[in-house]
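Chemist: Sequence and predicted structure below; questions after.
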Amino acid sequence: MADISTDTKKAVAKGGRKGGAIFPRFSLKDALGWSKKLVSKSHVEPQPIEVVYAGVVGSKGSRGRAKISALKQFGLLEGPSTAYTSTLLAKQIESAPEDERVPLFQSAALHSSIFKSIFDTFQSDEVSEQKLRQRAYDLRVHPEEAEACVTSYVQA
């Protein structure tokens, strides 16, 4: 009989994806800074991922991918990795007068399905971070990432 005592789980690399629902790992404020650069760089034509890594988000590898993912989840970047471009929302944010940007910021913050679900659940209520964390668990955010999700949601 074969010995089945070896662990068959895949080891997750440090900082690697743990599973569960995805959410923006960076704040909307950070994403808006990158979005401004993206609007400028992709104004004439879409840009490949290497240009976005170097000229927009300032990093490669897993950190750069997480930043690009945040831009996508906030609805500020679209297209395949060979031709990234800024979305209409990103362009509207950059061209809008300061006093007209708040609804656009709200639209970007609620573009993430996790953040939208949390917002819809507690709209107009004053709730603790523990309640937000509990809702994140309900939305299938990985237990080890729930705190980061709540922090990112509160900052958005």
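Modeler: Ah, there it is.

Chemist: where along this structure do the helices fall?
Modeler: Applying DSSP state H to the chain gives helices spanning 28-41, 49-52, 61-73, 88-95, 102-109, 113-122, 129-138, 146-155.

Chemist: Need these in CSV (columns: distance to S81).
Modeler: The way it works is simple: take the backbone N, C-alpha and C, and place the C-beta from them, glycine included. Listed next are these as CSV, based on distance: least, Cβ to Cβ, whole Å:
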stretch, distance to S81
helix 28-41, 14
helix 49-52, 4
helix 61-73, 8
helix 88-95, 17
helix 102-109, 21
helix 113-122, 22
helix 129-138, 28
helix 146-155, 23
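
Chemist: Of all the ones you listed, which one is nearest A21?
Modeler: Closest to A21 of the helices of the chain, according to Cβ to Cβ: helix 113-122, at 5.6 Å.

Chemist: Show residues contacting that closest one.
Modeler: Helix 113-122 is contacted by residues 21-24, 109-110, 131-132, 135-136, 139, 141, 149, 153, 156 when judged by Cβ atoms under 8 Å, 6 or more residues apart in numbering.

Chemist: Give me the PyMOL select line for these, limited to the buried ones.
Modeler: In PyMOL, this line selects whichever of the contacts of helix 113-122 come out buried by 16 or more other Cβ atoms under 10 Å:
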select buried, resi 22+23+24+109+110+132+135+136+139+141+149+153+156
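
Chemist: Many thanks, I have nothing further to ask.
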